[in-house]
Every structure is written in C-alpha cells, then in structure tokens.
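Trainee: Coordinates for the following, if possible.
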Amino acid sequence: MASGYNCFVFVGYVIHNCFALPMSATGYASLRVLKLNLQDCCLDDLLPATLVSLEVLSLKSLRVYGALLEAWISTNCPSLKRLNLEAIKIMDGFPISYTSSLQELTIHNCYVNHILGFCKNSIKGSSLKNVTISDCIFREAELSKIKIACSSLENLTLRGCVFGSGCFVSIACPLLENLTIHKCFVDESNGIDIRHCPSLINLMISQCTLQLLHLNIPTSSLRKLSIFECSSQFPISIAVSAEQLQTLSLKLYGSWWKGSVFEIQPQKLICLQEAIVEFVDLQFFITDKDICNSVLRAVQYARVLQLSIQIIEVLSEEDHVKILFENLLDLVMVCDKLEACQMIAMACFLMRAPSLRTLTIRYEQKSSGISETDVKEDLAKLLSLAVKRYQSKHGNSETLLLGDQLMKLKLSLHKN
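Mentor: Numbers count the residues shown, from 1 in each chain. Okay, here's the model as predicted:
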C-alpha cells in the first residue's frame with residue numbers, strides 16, 4: 001500500500017493461524033477505509049499503528065475476544081464512524097462501549113460464544129445513530145444479557161437472530177425512533193425488553209418465534225405499531241400507551257389470544273388513521289369476546305380499517321351498538337366464507353359506520369355464481385333490518401348507515 005491511500009483491502013498474512021498487517025506498510029495515518037477478510041484466523045496484535053483518520057472498518061471471517069476488539073478500536077481508531085463485523089466468532093461477548101466517534105454498527109452472521117457462562121454483551125456507543133444485528137447466534141448461557149443502551153441511537157434492527165435459552169435483550173435508548181425485530185427466535189421468558197425507549201415512533205415485530213411476549217410500551221410518541229405473523233408458546237401480554245398512535249397493524253395467530261391480555265391506552269385512539277387487525281388459524285379456538293371488544297374500541301376512530309370477520313362475529317348485536325365508527329371511510333373485511341352468519345355480523349358492524357365510502361370483502365370461498373351486486377343487495381336488506389331493531393330500542397338519535405346508502409357504496413370482492 002502506497003503512502004496516502006484512502007482505502008485498503010487486504011488479507012494480511014498468517015503466522016500460526018494469527019493475523020497481523022505488515023509492519024513495513026506505510027501510509028496508515030491517511031487511511032480512511034479498511035476492509036479485512038481474515039480467512040477464519042485469530043486476531044492477534046491487529047495493526048501496528050494508530051489509524052487516526054480511519055472512518056470505515058470492515059472485518060470478516062475471524063475469531064476474536066470481544067474485549068480485545070473493543071480495546072483496540074477505542075485506542076487506535078479515534079475517528080471511526082462505521083464498523084462492519086461479518087462471519088466473526090466472538091468469544092465472551094461483544095462489548096462496544098468506548099468508541100465515542102462510532103455512528104453506524106453492523107453485525108452480521110456472527111456467533112457469540114460465552115466461555116465463562118455469564119456474559120454481558122453491551123452496546124453503549126455515545127454517538128451511535130444506526131445499529132443492525134442480523135443472522136447472529138447467541139449461544140445458550142445462563143443469565144446472558146444483551147444490553148443496548150445508546151444515548152444517541154435512532155434506528156435499531158434485529159433480523160434473523162437466535163437468542164438461546166438464558167439470553168435476553170434489554171433496549172434502553174432515549175432517542176430511539178425506529179425499532180424493527182424480524183424473524184428472530186427468542187427462547188427466554190424475559191424475551192425482549194423495550195420499556196425504556198420514550199422517543200419510539202415506529203415499532204415492527206414480524207415473523208418472530210417467542211417463548212413469551214410481554215410487550216409494554218409506555219410512550220406517548222409512538223405513531224406506528226406493527227405485530228405480524230408471530231408465534232408464541234404461551235399467552236401474550238400487549239400493553240401500549242400511545243395517545244398519538246396513527247397506524248396499528250396486528251396479524252396474530254388465534255392461539256395467542258387464549259388467556260392473553262390486550263390493552264391499549266387510551267382506549268380510544270383519536271389520532272388513529274389506519275388499522276389492520278386480523279386473526280389467523282382460528283379453527284381450534286373460540287375468540288375471546290372481551291378482547292374483541294377491546295380491539296374494536298381501540299380502532300374505532302380509524303379512517304381506514306382492515307378487519308378479520310372473526311373479531312365481530314363473536315359479538316352480539318348489543319355489543320355492536322356500543323361502538324360508533326364515525327370516521328371510518330374505507331373498510332376491508334377479511335373472511336373465509338361468505339356465509340349467512342357472517343353477512344349478518346357484517347351488517348351489524350356496517351350500521352355503526354355512517355361515513356363509509358368503500359367496502360372491500362376478501363374471502364377464501366364464496367357460493368358459486370354470487371356477484372358483487374348480490375352481496376350488496378343482501379347486505380342492504382340485512383342492514384335495514386338491523387337499523388330497524390336498533391331504532392326501536394334506542395330511538396333515532398344517532399346517525400347510522402342505512403340500506404339505501406349502502407347500495408351507493410363502492411363494493412368489491414377479492415379472493416385471497
């Protein structure tokens with residue numbers, strides 16, 4: 001490498017399966033980017049000089065003690081902004097705490113081994129803005145804690161990670177705005193703790209396998225919450241305090257709801273714009289009526305709503321009259337079959353949505369020959385009957401969706 005180069009890609013040389021850069025190499029002082037593919041070597045003395053200008057460091061395929069790596073980075077890379085670790089076997093955790101200049105951290109396809117059993121994996125960089133941990137395995141060990149506590153962190157992604165038995169994740173970042181947890185396996189009852197993120201705006205948990213999910217989000221800043229296609233061995237507890245929530249997406253397996261707790265505060269999300277609430281795989285489970293009422297109360301101010309028919313199917317006509325969807329403009333109803341009982345439940349729900357403009361019905365099966373016109377006419381008749389029953393009991397004090405109004409709606413059928 002000639003003096004003054006800004007980028008250096010090098011495999012180094014190997015002595016007794018350990019790696020070091022050539023001592024005679026010059027120009028380290030001006031180096032900006034360093035990428036090392038170390039062919040599964042041990043990292044020994046690393047580099048022989050301080051890299052005062054290094055901003056991007058990428059390390060691939062090596063074995064290293066986490067404490068050694070951190071000590072070297074914090075001492076020798078005072079200007080480092082981006083650190084990429086890939087295919088690394090990290091012994092005794094990856095403490096990254098003292099690199100004050102680091103802004104972006106990516107850890108991919110790494111294996112974290114706790115030789116001493118108890119190990120604290122900590123990420124505490126004071127300048128970190130973005131952290132991505134993907135396809136990593138944290139070996140089973142008692143009382144192993146992965147703690148992410150960064151005072152400036154804004155974006156955090158955990159994707160495809162396996163947290164073995166005894167490993168649990170604690171996230172405490174006061175400025176964190178976006179958190180994504182995707183395709184992770186958490187084999188620990190403590191799971192993932194995100195209670196201490198008061199600035200969280202977007203939270204997405206998708207396609208995860210969790211032993212237990214206790215989701216407690218006491219933050220008024222949350223705007224978007226998505227929990228999609230996850231599975232849990234035990235009942236879940238979801239408690240969200242989010243006065244400014246605008247988008248809510250829940251697509252959960254029905255078995256989650258038996259004995260589960262679903263609580264959103266305040267009960268009426270007046271800022272809610274769009275909501276998706278679907279149950280999946282319900283054939284072996286009778287939906288909990290109280291939870292269904294809680295879900296509907298939470299989304300009653302939504303302007304756009306996608307709803308599983310099972311949520312309203314278990315409610316009585318008296319249950320429906322208690323909740324008014326006065327802001328609802330566009331409704332997507334998801335059902336398995338277009339049967340009479342589902343049509344009756346749908347009519348009772350539609351009665352309480354006086355501003356509705358479009359209705360889309362997504363279905364798995366329908367009777368042969370049935371058309372959108374047939375469905376609209378049948379719904380209009382059922383709706384008129386529901387309105388008459390309601391007005392006979394409660395009078396004409398409230399605005400309801402009437403049968404002739406429904407005939408003017410844009411209605412469409414879509415097969416899933």
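
Trainee: ok, which stretches of the stretch 151-300 of the chain are helices?
Mentor: Taking DSSP state H, counting those that start in this stretch, the helices of the stretch 151-300 of the chain run over residues 289-298.

Trainee: for it, which spans come out with low pLDDT?
Mentor: Within the stretch 151-300 of the chain, the ranges that satisfy pLDDT under 70 run 188-190, 212-216, 218, 233-237, 253-268, 280-288.

Trainee: so what's Glu398 closest to, chain neighbours aside?
Mentor: Counting by Cβ to Cβ, 6 or more residues apart in numbering, the nearest residue to Glu398 once its immediate chain neighbours are dropped is Leu324, at 7.0 Å. (C-beta placed from N, C-alpha, C; glycine too.)

Trainee: Run a quick neighbour tally on that neighbour.
Mentor: Residue crowding around Leu324 was assessed by other Cβ atoms under 10 Å; the count is 17.

Trainee: The one 3 residues further on too?
Mentor: With neighbours defined by other Cβ under 10 Å, the count for Asn327 comes to 17.

Trainee: same question, Ser79
Mentor: 12.

Trainee: Also Ile137?
Mentor: 17.

Trainee: Tell me the bridge partners for it.
Mentor: Ile137 has these beta-bridge partners by DSSP bridges: Tyr111, Val162.

Trainee: mind checking how far it is from Cys341?
Mentor: Relative to Cys341, Ile137 is positioned 48 Å away (Cβ to Cβ, to the nearest Å).

Trainee: same deal with Val162?
Mentor: For Val162, the distance to Cys341 - Cβ to Cβ - is 43 Å.

Trainee: Compare these two and say which is more crowded by neighbours.
Mentor: Val162 (18 against 10).

Trainee: That one reaches Phe185, doesn't it?
Mentor: Yes - counting by Cβ atoms under 8 Å, Val162 does reach Phe185; the two are 4.7 Å apart.

Trainee: secondary structure class for Ala29?
Mentor: Put simply, Ala29 is helix when judged by DSSP: H, G, I helix; E, B strand; the rest coil.

Trainee: Next up, phi/psi of the residue nearest to it when sequence neighbours are not counted, please.
Mentor: Using Cβ to Cβ, 6+ apart and skipping residues adjacent in sequence, the residue nearest Ala29 is Val52, 5.8 Å away. Phi and psi for Val52, reported as degrees, to the nearest 10, are phi -70, psi -20.

Trainee: and if you look at the one 3 residues further on?
Mentor: The phi and psi values for Glu55, taken as degrees, to the nearest 10, are phi -110, psi -30.

Trainee: Was I right to think it contacts Leu83?
Mentor: No - using Cβ under 8 Å, Glu55 is not in contact with Leu83; the gap is 10.1 Å.

Trainee: Look at those two and report which has more neighbours.
Mentor: With neighbours defined as other Cβ under 10 Å, Glu55 and Leu83 compare such that Leu83 has more, 22 against 17.

Trainee: Bridge partners for that one, pull those for me.
Mentor: So, taking DSSP bridges as the rule, Leu83 has Leu57, Leu105 as bridge partners.

Trainee: Leu69 is in contact with that one, correct?
Mentor: No - applying Cβ under 8 Å, one finds Leu83 not in contact with Leu69, separated by 9.6 Å.

Trainee: re the thing from before, the residue nearest to Ala29 and Arg32: what is the separation?
Mentor: With distances taken as Cβ to Cβ, Val52 is found 11 Å from Arg32.

Trainee: Check Arg159 too.
Mentor: 28 Å.

Trainee: do the same with Val162
Mentor: Computed as Cβ to Cβ, the Val162 to Arg32 distance reads 35 Å.

Trainee: my read: the residue nearest to Glu398 touches Leu401, true?
Mentor: No - using Cβ under 8 Å, Leu324 makes no contact with Leu401, being 10.7 Å away.

Trainee: Give me the common contacts of those two.
Mentor: Listed as contacting both Leu324 and Leu401 by Cβ atoms under 8 Å, 6 or more residues apart in numbering are Arg352.

Trainee: so where do the helices sit in the stretch 301-416 of the chain?
Mentor: Per DSSP H, counting those that start in this stretch, the stretch 301-416 of the chain carries helices over the ranges 309-313, 317-320, 340-351, 372-394, 403-406.

Trainee: Return the member of those helices having the minimum mean pLDDT.
Mentor: Looking at these, the lowest mean pLDDT belongs to helix 317-320 (a mean of 70).

Trainee: strand partners of the longest strand belonging to the chain, parallel vs antiparallel please.
Mentor: Once the chain is assigned using DSSP state E, the strand that runs over the most residues is strand 33-46. Its sheet considered, strand 33-46 pairs with strand 7-10 (parallel), strand 18-20 (parallel), strand 56-65 (parallel) by DSSP bridges.

Trainee: Next, the buried residues of stretch 179-192.
Mentor: Neighbour-count burial for stretch 179-192 flags 179-184, 186-188, 190-192 (criterion: 16 or more other Cβ atoms under 10 Å).

Trainee: Same check on stretch 100-115?
Mentor: 101-108, 110, 112-114.

Trainee: How about stretch 220-235?
Mentor: 222-228, 230, 232.

Trainee: Disregarding residues adjacent in the polypeptide, which is nearest to Ile227?
Mentor: Closest to Ile227 by Cβ to Cβ, 6+ apart is Ile205, at 4.9 Å.

Trainee: In contact with the one you found, which residues?
Mentor: Contacts of Ile205 were listed using Cβ under 8 Å, 6+ apart, and they are 181-182, 215, 226-228, 230.

Trainee: ok, Val295 touching Val277?
Mentor: Yes - counting by Cβ under 8 Å, Val295 does reach Val277; the two are 5.5 Å apart.

Trainee: Now for these two: what residues contact both?
Mentor: 250, 311.

Trainee: Since that was my last question, I'll sign off now.
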